[in-house]
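Undergrad: How does the following fold in three dimensions:
(one chain, ligands or ions: 3)
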Amino acid sequence: MLKVAVPNKGALSEAAAEMLAEAGYRQRRNAKDLVCVDADNDVEFFYLRPRDIAIYVGEGTLDAGITGRDLLLDSGAKADEVMTLGFAGSTFRFAAPRGTLTSEAELAGRRIATSYPGIVRAHLETLGIDAQVVRLDGAVETSIRLGVADAIADVVETGTTLRQAGLEVFGEPILQSEALMITRSAAEAPAGMEVFRRRLESVIVARTYVMMDYDIRVENVEKAVGLTPGIESPTVSPLHREGWVAVRAMVPRDASQRIMDDLYALGGRGILVTDILSCRI
Ligand SMILES: Nc1ncnc2c1ncn2[C@@H]1O[C@H](COP(=O)(O)OP(=O)(O)OP(=O)(O)O)[C@@H](O)[C@H]1O
Ligand SMILES: O=P(O)(O)OC[C@H]1O[C@H](OP(=O)(O)OP(=O)(O)O)[C@H](O)[C@@H]1O
Ligand SMILES: [Mg+2]
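TA: Ligands and ions are numbered 1, 2, ... in the order given. This next block holds a predicted model:
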């Protein structure tokens, strides 16, 4: 049975469970359950602290996991990104009280609070800066006011938490993070891994693309297909009406309105957009 680690709480947990459910996997009913066996699909899900997931996968105790790139890098575990999952996007950045620090060089000799000491130490080393790293479990934004640090390095999404704490980012972003599927480095894929990967990929594609159908005059079909090239190649079928064809292609969801405008301007009519429920491409 394939063993998969899923975040049991925090920013990744709900979106990960939703994605797995959409991929047709059974998920726990109760937020306190630690394990959920999906016997029909031959997968066992383990609900673990997001921070621990890369460690289990890196050790080979579990076959695959869902975690954040920042957590994977901070852990130093021997696990690799298989694919990005399209949620929990964030930036990892230095911040300090407004108007105090303006560049990384000013961190020399200061205290930096973070829940990600592995990333911060490695980054300071790359920059050649000697500073003290103070490891905290969370809510690091408060640490400066409470006097244990001069700056922080933390996850920033909207920036609301920083603003509320009177802090502002400075220097270059340390890294871009997002949710990932990870597996053990250099391990042979166990049975069922490829099916698991494909199912997650199918959810991402179904979320990212929509199906577009339209009718167009034959003489404009090449131009129209240029706007809707699809993933492999669009389907072009004859219409009963002389001189017209019907075209069907997958298009990126976020570009669909613009593509419809362009198709309409080209003479496309009966342009329909539908959701893709699931797919294999
Ligand atoms: N506001 C956010 N927006 C997007 N991603 C976030 C946000 N906060 C955290 N993350 C991401 O979620 C992942 C895990 O963070 P999370 O805060 O859920 O775990 P944790 O801090 O270990 O647990 P907890 O906060 O429950 O103590 C990381 O990859 C992080 O980048
Ligand atoms: O830029 P924002 O949109 O405000 O989001 C970023 C905040 O979200 C996370 O906190 P979380 O709720 O996980 O608390 P924690 O710091 O205790 O982990 C992260 O650690 C930041 O504090
Ligand atoms: Mg957190």
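Undergrad: gap between residue 179 and residue 99?
TA: The gap separating residue 179 from residue 99 is 34 Å, by CB to CB, to the nearest Å. All C-beta spots, glycine's among them, are computed from the backbone N, C-alpha and C.
Undergrad: neighbour count winner among these two?
TA: Shown here are residue 179 and residue 99; by other CB atoms under 10 Å, residue 179 has more neighbours (24 against 8).
Undergrad: give me the beta-bridge partners of that one?
TA: Beta-bridge partners of residue 179, counted by DSSP bridges, are residue 68.
Undergrad: Show me what from the protein comes close to ligand 2.
TA: 10-11, 138-139, 141, 154-161 (CB under 6 Å from any ligand atom).
Undergrad: same thing but 5 Å
TA: Residues of the chain lying near ligand 2 by CB under 5 Å from any ligand atom: 138-139, 155-161.
Undergrad: Now list the buried members of those residues.
TA: 155-156, 161 (16 or more other CB atoms under 10 Å).
Undergrad: Keep only those of those that are in helices.
TA: Of these, the ones assigned to helices by DSSP state H are residue 161.
Undergrad: ok, and which of the buried ones among the residues of the chain next to ligand 2 reach ligand 1?
TA: residue 155.
Undergrad: would you turn the buried ones among the residues of the chain next to ligand 2 into CSV with pLDDT?
TA: As requested, those are arranged in CSV below (pLDDT from 0 to 100):
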residue, pLDDT
155, 98
156, 98
161, 97
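Undergrad: Briefly note if whatever helix or strand residue 21 lives in comes near ligand 1.
TA: Using DSSP states H and E, residue 21 sits in helix 13-22. No. Helix 13-22 is not in contact with ligand 1 by CB under 5 Å from any ligand atom; minimum separation 6.9 Å.
Undergrad: just stretch 109-123 next, same as before
TA: No. Stretch 109-123 does not reach ligand 1 (CB under 5 Å from any ligand atom); its nearest approach is 6.0 Å.
Undergrad: for that stretch, the distance to its chain's centre please.
TA: In terms of CA atoms, centre = their mean, to the nearest Å, the centre of stretch 109-123 is set 24 Å apart from its chain centre.
Undergrad: First-to-last residue distance for it?
TA: 15 Å (CA to CA, to the nearest Å).
Undergrad: Spell out which parts of the chain neighbour ligand 1.
TA: Residues of the chain lying near ligand 1 (CB under 5 Å from any ligand atom): 9-12, 50-51, 68, 70-71, 88, 90, 138, 155, 157, 177.
Undergrad: Go through stretch 40-49 and flag the buried ones.
TA: Buried-residue list, stretch 40-49, by 16+ other CB under 10 Å: 41, 43-48.
Undergrad: how long is that stretch from one end to the other?
TA: Start-to-end, stretch 40-49 (CA to CA) is 26 Å.
Undergrad: Let me see the mean pLDDT of it.
TA: What stretch 40-49 shows for mean pLDDT is 98.
Undergrad: Not counting it itself, show me its contacts.
TA: 1-9, 20, 24-28, 33-38, 56, 62, 65, 192, 196 (CB atoms under 8 Å, 6 or more residues apart in numbering).
Undergrad: which of the residues you listed are buried?
TA: By 16+ other CB under 10 Å, the contacts of stretch 40-49 give 2-8, 20, 25, 27, 36, 38, 56, 62, 65, 192, 196 as buried.
Undergrad: Inside helices: which ones of those?
TA: 20, 56, 196.
Undergrad: Among these, which one sits closest to residue 187?
TA: residue 56 (12.9 Å; CB to CB).
Undergrad: Show me what residue 112 bridges to in the sheet.
TA: Under the criterion used (DSSP bridges), residue 112 bridges to residue 133, residue 151.
Undergrad: Burial check on it, number of neighbours?
TA: 27.
Undergrad: Residue 194: which element?
TA: According to DSSP H and E, residue 194 maps onto helix 193-208.
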